[in-house]
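S.K.: just to be clear, the model below is a prediction. Sequence and coordinates:
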Amino acid sequence: MISRRFAAITVAALASSSSLPAAQLPLCDDGKRVNCIVDGDTLWLDGTKIRIADIDAPELSKPHCQRELALAERATVRLQSLLNDGRFELAPADRDEDAYGRKLRLVMRGSQSIGDILVSEGLARRWDGARRSWCD
């Protein structure tokens, strides 16, 4: 279980403590989800579903338009690249869980939010509590 304190995570540590075949977080498939990237703002670590608390990324599973799907694909691959680039930390957010039971965490590398990187690249937006269309 992920604690509310900072939890340092390395991809290599995940690989040695789970069935992850290589030292990388893969994209999730239809199988059992333990350590993988769902989309641009959601991932699984050690069997816990985590929602990146400070951003909103386009939906990959049920996009509302072609633009949203294209952005979602780019955001998902970019998040995977950022997380597989080395050590990152999970920090507590203002709430422990969202309405869907996902753990809300900030994902940090040093003092920089991975979410901020995605926002700066136009692949996510700052989460303000309101769902807005990516199709405008």
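M.R.: Perfect, I can see it now. Keep in mind the model is a prediction, meaning the values are calculated, not measured.
S.K.: remind me, longest helix of the protein?
M.R.: Determined from DSSP state H, the single longest helix within the chain is helix 66-84.
S.K.: state the mean pLDDT of the helix or strand following that one.
M.R.: Under the assignment DSSP states H and E, the closest C-terminal helix or strand after helix 66-84 is strand 88-97. When the per-residue pLDDT values of strand 88-97 are averaged, the result is 93.
S.K.: would you tell me what the next helix or strand after strand 88-97 is?
M.R.: Downstream of strand 88-97, the next assigned helix or strand under DSSP H and E is strand 103-109.
S.K.: now that next one: how far from the chain's centre is it?
M.R.: For strand 103-109, the separation from the chain centroid amounts to 8 Å (computed by Cα atoms, centre = their mean, to the nearest Å).
S.K.: tell me the strands beside the next helix or strand after it, with direction?
M.R.: The C-terminal neighbour of strand 103-109 among helices and strands, as given by DSSP H and E, is strand 112-113. Strand 112-113 has its sheet partners listed here by DSSP bridges as strand 103-109 (antiparallel).
S.K.: quick one on the thing from earlier: tell me the helices and strands packed up against the longest helix of the chain.
M.R.: strand 36-39, helix 114-120 (3 or more Cβ pairs under 8 Å, 6 or more residues apart in numbering; DSSP states H and E). From N, CA and C alone the C-beta is placed, and that goes for glycine too.
S.K.: state the mean pLDDT of the shortest one.
M.R.: Averaging pLDDT along strand 36-39 gives 96.
S.K.: what sits up against the helix or strand just after that strand?
M.R.: Reading on from strand 36-39 to the C-terminus, the next helix or strand found by DSSP H and E is strand 42-45. Counting by Cβ atoms under 8 Å, 6 or more residues apart in numbering, the neighbours of strand 42-45 from elsewhere in the structure are 2, 9, 14, 25, 28, 33-38, 49-52, 79, 83, 90, 102.
S.K.: ok, 6 Å please
M.R.: Identification of contacts with strand 42-45 by Cβ atoms under 6 Å, 6 or more residues apart in numbering yields Arg33, Asn35, Cys36, Ile37, Ile50, Arg51.
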